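J.: Whatever this is, show me its structure:
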Amino acid sequence: MTDKSSSNAYWAANVRVIYICLAIWAVVSYGFGILLRPALSGIAVGGSDLGFWFAQQGSIVVFIVLIFGYSIYMNKIDREFGVDEQ
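T.: As a prediction, this is how the structure comes out:
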C-alpha cells in the first residue's frame, strides 16, 4: 500500500466500518433501551421485559459482539489492502 489512493481507500473502508458499528450500538443502546422501551415492555426475557434487558444488559452484549465483529472485519480489510500482520 504505497500510493495515496490506496491509502485513502483503506481509511475510507475503516471509517465506514466504524460508522456502521457506532450506528448499530446507538440504535441498540439509545433506541431500544430508552426510546422504544415502552413498546418493548410487553415482551418477557429472563423474568423481565425486553426494554429493560436492552437498557441493562443488551447494549453491553451488543457492544462486545461489535468489538469482535469489528476485529474480524478489519482483519479482512487489512488483508484486502495488504497491510495485515503476518
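J.: can you tell me how far the residue nearest the centre of the chain sits from Phe63?
T.: Nearest to the geometric centre of the chain sits Cys21, at 2.9 Å (Cα atoms, centre = their mean). Here Cys21 is placed at a distance of 9 Å from Phe63 (Cβ to Cβ, to the nearest Å). C-betas here are computed from N, CA, C, even on glycine.
J.: Isn't Gly46 up against Phe52?
T.: No. Under the criterion of Cβ atoms under 8 Å, Gly46 makes no contact with Phe52, lying 9.7 Å away.
J.: List the buried residues in the strand or helix carrying Ser7.
T.: Here Ser7 sits within helix 4-26, counting by DSSP states H and E. Neighbour-count burial for helix 4-26 flags Tyr10, Ala13, Asn14, Val17, Cys21 (criterion: 16 or more other Cβ atoms under 10 Å).
J.: hang on, the earlier thing: and the gap between the residue nearest to the centre of the chain and Gln56?
T.: Plainly put, Cys21 is 21 Å away from Gln56 if you go by Cβ to Cβ.
J.: gap between stretch 32-45 and the chain center?
T.: Distance of stretch 32-45 from its chain centroid, counting by Cα atoms, centre = their mean, to the nearest Å, is 20 Å.
J.: I'd like the average pLDDT over that stretch.
T.: For stretch 32-45, the mean pLDDT works out to 81.
J.: where does the protein have low pLDDT?
T.: 1-2 (pLDDT under 70).
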